[in-house]
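1. sequence plus the predicted model coming up.
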There are 2 protein chains.
Amino acid sequence: MATILVTGGAGYIGSHTCVELLAAGYDVVVVDNFSNSKPEALRRVEEIAGRKLAAFHRADIRDKAALREIFAAHAIDSVIHFAALKAVGESVAKPLMYYDNNIAGTVALAEVMAEAGVKSLVFSSSATVYGDPASVPIREDFPTGPTNPYGRTKWMMEFVLSDLAAADPEWRVALLRYFNPVGAHASGRIGEDPNGLPNNLMPYVSQVAVGRLPQLRVFGGDYPTPDGTGVRDYIHVVDLAVGHVAAVRRLAERPGVLTVNLGTGAGYSVIDVIKAFEKASGRPVPYEIVARRPGDVAQCYAEPTLAEQELGWKATRGIDEMCADAWRWQSSNPQGYPD
Amino acid sequence: MATILVTGGAGYIGSHTCVELLAAGYDVVVVDNFSNSKPEALRRVEEIAGRKLAAFHRADIRDKAALREIFAAHAIDSVIHFAALKAVGESVAKPLMYYDNNIAGTVALAEVMAEAGVKSLVFSSSATVYGDPASVPIREDFPTGPTNPYGRTKWMMEFVLSDLAAADPEWRVALLRYFNPVGAHASGRIGEDPNGLPNNLMPYVSQVAVGRLPQLRVFGGDYPTPDGTGVRDYIHVVDLAVGHVAAVRRLAERPGVLTVNLGTGAGYSVIDVIKAFEKASGRPVPYEIVARRPGDVAQCYAEPTLAEQELGWKATRGIDEMCADAWRWQSSNPQGYPD
């Protein structure tokens, strides 16, 4: 069976993807610098899968010497590249840190892959590359133009990898544009464990429900949406993880660059999510509506049919299951992973 | 007088800018890795200016330790950042090399500048960021979207520096979008010295006139232009160099980000340039018209008035002077700089 290197494999989406790769029979090597994740996540990945990772390496992907050792030690067939910083607000305050980590990291990884003759890469992109879309649902051929430095790093990394594939037709690249990943593995053993105050809605709601935070602030109640709050395409992290396995399979079949949305195609408002979470958890989620947050858009959801055509994949888990699984993780791990 | 660090100071535009900085009384420190330039250029800069550089350092700007030593050794007031790879065709073939050199180099430089508290930067951008413009003349508020990896590195570096200035209002950044720099210092002692086959029109024409190359190929004779050949805004490199001195002065007066075109506002066709060069050199420039080159646009010239308003600068040297000066350099240095 093929061996997959997962960068950032201890992170939220990375850890769930490792579980699905192991379940599908792949050998999995993880590299992570644990800047925003914990080794415990990998221990639990092995526990859920009932199989060991082939290896894990603590290293920063900007460290080309360390990467070269990893490619020398394992016969890697393909790479899934998650390792990146991901907080929008932090990227506005510290743009150089984001450009350095994300762009320089991706360039270093691609350079070492090319040296090693490993030219198959699944890249963790984001719907944020679309910026403020002219209409919804968003198709892959819509114009791009993100509105913050984090989004610009994802956008630029797409250009770097597309230019690379144009220069060398042996490359196989999947650019997966995620919508809003939420939820957790059904076991409740792995899930999203943000450092400090959560940046995203679902972990914030979870921490309010579990009593770790007092109240949710909803940014904007006057958007042109059914209930006035922002609408997003939430996708269960396990569906997303399965989408990565499908992308790895697809790359093995055909070279070139494939750009696909990974979303459900359904939009839910902030209020929808709060109600679904209250139902799933049996706990109240107190909230107040405050001013809009600069840079937020009213609605963002995917046209998901290309992924179905190209990957034979579609999301199957609905909002209730997302909330139930997020709550199982949060309630059994109220402080996240132990150190 | 202020001390200016010039990265890539031994290069074509860098060396001419060093001459004008020295003439204006600035102290000048150069850092260059000589990957595409020669130390002899700096010796001639000092000869023309009749003054010594404060220092020059052979280093790669991606080497943060080397940069830190330079900032520790000199009280730098402002940086003019030229150091970058610049060949469009090479960038298509080797995109990672371009993203690594240009983006990682700029991020490393900005990081070390921020550490050292030096927050004034004049950046060597390019009209290539406009891609294929909807109309001419091109204004700074036109949409951007370059058509090749080289152009994308310039575009991304503009975003990196703009995001940095947005995060920290102490930064002063000038993004100078050059049109087509040509010509040489009137002394004939410094000029453009491409490695291998020239990528740009004027050095190619010069090498044909001097007998180093047999014939010019003109890419496209069927563009919607007066004579069917492509039209560009050629700007004398000494005018461009003077524009950099004006930008350094402007940044000392006012923080924030200034984006300006440096062009003449006049468009000349390839045939116009050939005729002007034949007149200036007294030599024939044989040419043949061949197919268009992918990615080339029909017409590209600047709306130059913003630079006049913001920098008090405009180009004063015409096409005949550009050709005469290019010819003086080429004919007295037919093989470029000695090693």
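-> Perfect, I can see it now.
2. I'd say A:Ile61 and A:Phe71 touch.
-> No - judged on CB atoms under 8 Å, A:Ile61 makes no contact with A:Phe71 at a distance of 11.7 Å. Where C-beta positions appear, they are placed from N, C-alpha and C, glycine not excepted.
3. which of the two has more residues huddled nearby?
-> With neighbours defined as other CB atoms under 10 Å in any protein chain shown, A:Ile61 and A:Phe71 compare such that A:Ile61 has more, 25 against 18.
4. ok, residues contacting the helix or strand hosting A:Asp325?
-> Following DSSP states H and E, one finds A:Asp325 within helix A:319-332. By CB atoms under 8 Å, 6 or more residues apart in numbering or on different chains, the residues outside helix A:319-332 that reach it are A:182-192, A:202-203, A:205-207, A:209-210, A:234, A:236, A:238, A:266, A:268, A:272-273, A:276-277, A:279-281, A:317.
5. buried ones in that helix?
-> For helix A:319-332, the neighbour count (16 or more other CB atoms under 10 Å in any protein chain shown) marks A:319, A:321-330 as buried.
6. want to try TSV for the residues you listed, with distance to B:Leu96 and pLDDT as columns?
-> Listed next are these as TSV, based on distance: CB to CB, whole Å; pLDDT from 0 to 100:
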residue	distance to B:Leu96	pLDDT
A:Ile319	41	98
A:Glu321	41	98
A:Met322	38	98
A:Cys323	42	98
A:Ala324	44	98
A:Asp325	39	98
A:Ala326	39	97
A:Trp327	44	96
A:Arg328	43	97
A:Trp329	38	97
A:Gln330	41	94
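7. quick one: classify A:His57 as helix, strand or coil.
-> Put simply, A:His57 is strand when judged by DSSP: H, G, I helix; E, B strand; the rest coil.
8. show me what contacts it?
-> A:29-32, A:66, A:69-70.
9. name the nearest residue to A:Asp168, ignoring sequence neighbours.
-> Residue nearest to A:Asp168 in three dimensions, not counting chain neighbours: A:Lys119, with 7.1 Å by CB to CB, 6 or more residues apart in numbering or on different chains.
10. give me the neighbour count for that neighbour.
-> For A:Lys119, the count of nearby residues is 20 (other CB under 10 Å).
11. if I look at it, how far off is A:Val160?
-> 14 Å (CB to CB, to the nearest Å).
12. okay, now the unreliable bits of the stretch 101-250 of chain A?
-> Within the stretch 101-250 of chain A, not a single segment meets pLDDT under 70.
13. ok, which stretches of it are helices?
-> A:105-116, A:149-167, A:201-209, A:237-253 (DSSP state H, counting those that start in this stretch).
14. so which bits of the last one are buried?
-> Neighbour-count burial for helix A:237-253, counted by 16+ other CB under 10 Å, picks out A:237-251.
15. which among those are in contact with chain B?
-> When contact is defined as CB under 8 Å from any CB of the partner chain, the buried residues of helix A:237-253 do not meet chain B at all.
16. just the residues you listed now: which is nearest chain B?
-> Chain B has its nearest neighbour among these in A:Leu251, at 19.0 Å by CB to the nearest CB.
17. so what's the closest residue to the closest one other than its chain neighbours bridging to?
-> Distances taken as CB to CB, 6+ apart put A:Arg172 closest to A:Leu251, at 4.1 Å, once the chain neighbours are dropped. As for beta bridges, A:Arg172 partners with A:Ser120, A:Gly256 under DSSP bridges.
18. for the closest residue to chain B within the stretch 1-150 of chain A, grab the count of nearby residues.
-> The minimum distance from the stretch 1-150 of chain A to chain B, using CB to the nearest CB, falls at A:Pro95 (3.7 Å). By other CB under 10 Å, 27 other residues sit near A:Pro95.
19. mind listing what it touches?
-> A:149, B:160, B:163-164, B:166-167.
20. which of these tops the neighbour count?
-> Counting neighbours by other CB under 10 Å, A:Pro149 comes out on top of the contacts of A:Pro95 with 27 neighbours.
21. wait, that one sits on A:Tyr99?
-> Yes - assessed by CB under 8 Å, A:Pro149 is found in contact with A:Tyr99 at 7.2 Å.
22. list residues touching both of these two?
-> Common neighbours of A:Pro149 and A:Tyr99 (criterion: CB under 8 Å, 6+ apart): B:Asp163.
23. can I get stretch A:153-161 in PDB, CA atoms only?
-> Output of stretch A:153-161 as PDB, limited to C-alpha atoms (Å, rounded to 0.1, in the frame of the first residue of the first chain):
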ATOM      1  CA  THR A 153      -1.100  32.900   1.800                       C
ATOM      2  CA  LYS A 154      -3.500  30.200   0.700                       C
ATOM      3  CA  TRP A 155      -4.000  32.000  -2.600                       C
ATOM      4  CA  MET A 156      -0.300  32.400  -3.300                       C
ATOM      5  CA  MET A 157       0.400  28.800  -2.400                       C
ATOM      6  CA  GLU A 158      -2.200  27.800  -5.000                       C
ATOM      7  CA  PHE A 159      -0.200  29.900  -7.500                       C
ATOM      8  CA  VAL A 160       3.100  28.400  -6.500                       C
ATOM      9  CA  LEU A 161       1.800  24.800  -6.900                       C
END
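24. so how far is that stretch off the chain centroid?
-> Mean C-alpha position of stretch A:153-161 versus that of the full chain (CA atoms, centre = their mean, to the nearest Å) differs by 15 Å.
25. same deal with stretch A:106-124?
-> When distances are taken as CA atoms, centre = their mean, stretch A:106-124 is centred 19 Å away from the chain's centroid.
26. strands along the stretch 51-200 of chain A, start to end?
-> Along the stretch 51-200 of chain A, counting by DSSP state E, counting those that start in this stretch, strands occupy A:55-58, A:78-81, A:120-126, A:172-178, A:180-182.
27. take those strands and lay them out in CSV including distance to A:Trp155.
-> CSV is the format used below for the strands of the stretch 51-200 of chain A (distance: least, CB to CB, whole Å):
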stretch, distance to A:Trp155
strand A:55-58, 28
strand A:78-81, 15
strand A:120-126, 8
strand A:172-178, 10
strand A:180-182, 18
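28. out of these, nearest to A:Glu140?
-> Proximity to A:Glu140 (CB to CB) singles out strand A:172-178 among the strands of the stretch 51-200 of chain A, at 7.3 Å.
29. contacts for that closest one?
-> Outside strand A:172-178, the residues within contact range by CB under 8 Å, 6+ apart are A:13, A:78, A:119-127, A:129-130, A:140, A:158, A:161-162, A:164-165, A:235, A:240, A:243-244, A:247, A:250-252, A:254-263, A:302.
30. what about A:Pro39, how many neighbours?
-> So A:Pro39, with other CB under 10 Å, has 15 neighbours.
31. and A:Gly196, by the same measure?
-> Residues within reach of A:Gly196, counting by other CB under 10 Å, total 7.
32. and what of A:Ala266?
-> Using other CB under 10 Å: A:Ala266 sits among 19 other residues.
33. I figured the residue nearest to A:Asp168 hits A:Trp171, correct?
-> Yes - using CB under 8 Å, A:Lys119 is in contact with A:Trp171, at 4.6 Å.
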